[in-house]
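> need the 3D shape of this:
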Amino acid sequence: MCNNKECAKYFKSQQAYHRCFKELWKKWSSYGKAAGRITLKQTSEEERRAVGGIIGKVFYEETIQFSFLEFEQGLQKTRFAPVNMKEVLEEYFGETLITTQGRQKEEQERRKRFLDRIRGYFEENTDREAVTLLWLHEMISDKKYGYQLLMREYAKDENQAELMVRNVGNAVMKLKELTKKDDEYPLAVLAAEITDNPHYFDRGTTAGLLFVHAICCCEKMELPENAHQWRKLLMKVSVVPDNISSMVHAYGLRLLTDQGWHVAYDTFCDRKEPYVITMENMKGIIGAQVSKEKAYVVENEMVFSYLIHNLKNLDYTLLCTSGQPRSVAQILIPYILASGAEICYNGDIDPDGICIADRLWKKFGDRIHIWRMSPADYEKSISKEKIGDIGRTKLENISHPVLKKTAECMKEKQLAGYQENMLKELLKDMKN
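Numbering: from 1, shown residues only. Have a look, this model is predicted:
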């Protein structure tokens, strides 16, 4: 007859055994049997005497070591014998002992039930050939198209993860309806219709990223690497992102439509006034025309305003990207180059500005002229602003010959340069 309960009750009444039993529990959880060595550090004399009494040893040092098997064999020689070590531990801690292998198996079964519920939901609400089911099949079977993202959210909150994948799946189903109707649908309206939250699928949100994974699976496309590619991906499936915040400030640029030159922009050019072009304005635009076969592009709004103010009544084309060129600029630049014109680009001579200029040159080639960003220009534009370790790292992979030399100068001085310090030079170039 086993005396597991009586044995556990005795050891619970003896505080000297508590740390020992905690380690025994851990070892059984790992190995599923009486295995492994146990180390107890900074033990009291009472603890050493208690453990030694079970395994038949005398411990003198504060750190003691013994095997689980020694302890169990010693326990089987006490008045409680015979005992089942696993049941003694369960009685001692008042809970079922599950091994690491058992926990892993249990977690695998739980995850399978989670994924099966998701599949079951869409099987009940769609036909077998539905795009959402195809996405789920590829995501789960190949562990791609958002699988790792979904599992990370599942680990945080299973219910919220299930709700998110249902929302994304329903949004993907809606996309197919839009494609058939050849309609454009604002992203915020789609999100609100599916979830009541217009920002649910915004770029940067977890749901928004999973939505992009699903679209890429259905369209057999790579994940977008930047905001411009993300916008293009959504528009490919008839979803229109925010078309107002993506903008360019412009002066002297005429835009072409199927019906001829756009009257509004012609008027701005004739009146010699600056204006704003948003993605919404770009609908129907098929070309562009600059003044004197050259367009100047600056990064900073203040620089743009200064040049406009000091170049009154002159014919020129000037654009302002306000930092990283957004989708409008990425569409306008090819139109300008296709017209036969050249582009002179000037940005801040700091790590981000150098990287932006280098990426534009890599993308569009030598017809993008890097303007006033040489080492000599850097010396004129230099400030007291430190660039830091992250900034220096950004300067490691610059390809443009001039920008590469400027980057080396910047790494040496560790100071940023800014367009505002070169306003007169920029103005002089444009006047000439």
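
> pull the number of nearby residues for Leu337.
A total of 17 residues lie near Leu337 under the criterion other CB atoms under 10 Å. (C-beta placed from N, C-alpha, C; glycine too.)

> how about the nearest residue to it, chain neighbours excluded?
Leaving aside its chain neighbours, Leu337 sits nearest to Arg367 (5.4 Å; criterion: CB to CB, 6 or more residues apart in numbering).

> and Lys86, by the same measure?
By the measure of CB to CB, 6+ apart, the closest residue to Lys86 outside its immediate chain neighbours is Leu97, 5.8 Å from it.

> what about Phe122, is that helix, strand or coil?
helix (DSSP: H, G, I helix; E, B strand; the rest coil).

> tell me the contacts of it?
By CB atoms under 8 Å, 6 or more residues apart in numbering, Phe122 lies in contact with 130, 132-133, 136, 169.

> same list (these) but as JSON lines, adding neighbour count, secondary structure and distance to Leu311.
As requested, those are exported to JSON lines (neighbours: other CB atoms under 10 Å; DSSP: H, G, I helix; E, B strand; the rest coil; distance: CB to CB, whole Å):
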{"residue": "Ala130", "neighbour count": "17", "secondary structure": "coil", "distance to Leu311": "58"}
{"residue": "Thr132", "neighbour count": "27", "secondary structure": "helix", "distance to Leu311": "55"}
{"residue": "Leu133", "neighbour count": "18", "secondary structure": "helix", "distance to Leu311": "59"}
{"residue": "Leu136", "neighbour count": "27", "secondary structure": "helix", "distance to Leu311": "58"}
{"residue": "Gly169", "neighbour count": "26", "secondary structure": "helix", "distance to Leu311": "54"}
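
> where does pLDDT dip in the stretch 151-300 of the chain?
Filtered on pLDDT under 70, the stretch 151-300 of the chain yields the residue ranges 178-184, 243-245.

> tell me the pLDDT at the residue nearest to Lys86?
If you check Leu97, the pLDDT there is 80.

> quick one, what contacts the residue most central in space within the chain?
Nearest to the mean C-alpha position of the chain, counting by CA atoms, centre = their mean, stands Gly204 at 6.6 Å. Contacts of Gly204 were listed using CB under 8 Å, 6+ apart, and none were found.

> swap the cut-off to 10 Å and go again
By CB atoms under 10 Å, 6 or more residues apart in numbering, the residues touching Gly204 are 227, 230.

> quick one: secondary structure of it?
Assigned with three-state DSSP, Gly204 falls in the coil class.

> same deal with Ala34?
Each residue gets one of three states, and Ala34 gets coil by three-state DSSP.

> what about the closest residue to Leu360 other than its chain neighbours, neighbour count?
Nearest in space to Leu360, with sequence neighbours left out and distances taken as CB to CB, 6+ apart, is Ile368 at 5.2 Å. Using other CB under 10 Å, Ile368 has 20 neighbouring residues.

> wait, Ile368 touches Gly347, no?
No: in this structure, Ile368 is not within contact of Gly347 by CB atoms under 10 Å, at 11.5 Å.

> between the two, which contacts overlap?
Here Ile368 and Gly347 share the contacting residues 297, 357, 360, scored by CB under 10 Å, 6+ apart.

> how about those in a markdown table, adding distance to Asn421?
Conversion of the shared contacts of Ile368 and Gly347 to a markdown table gives the following (distance: CB to CB, whole Å):
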| residue | distance to Asn421 |
| --- | --- |
| Val297 | 18 |
| Ala357 | 17 |
| Leu360 | 21 |
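
> from those, which ones fall inside helices?
Counted as lying in helices by DSSP state H, out of the shared contacts of Ile368 and Gly347, are 357, 360.
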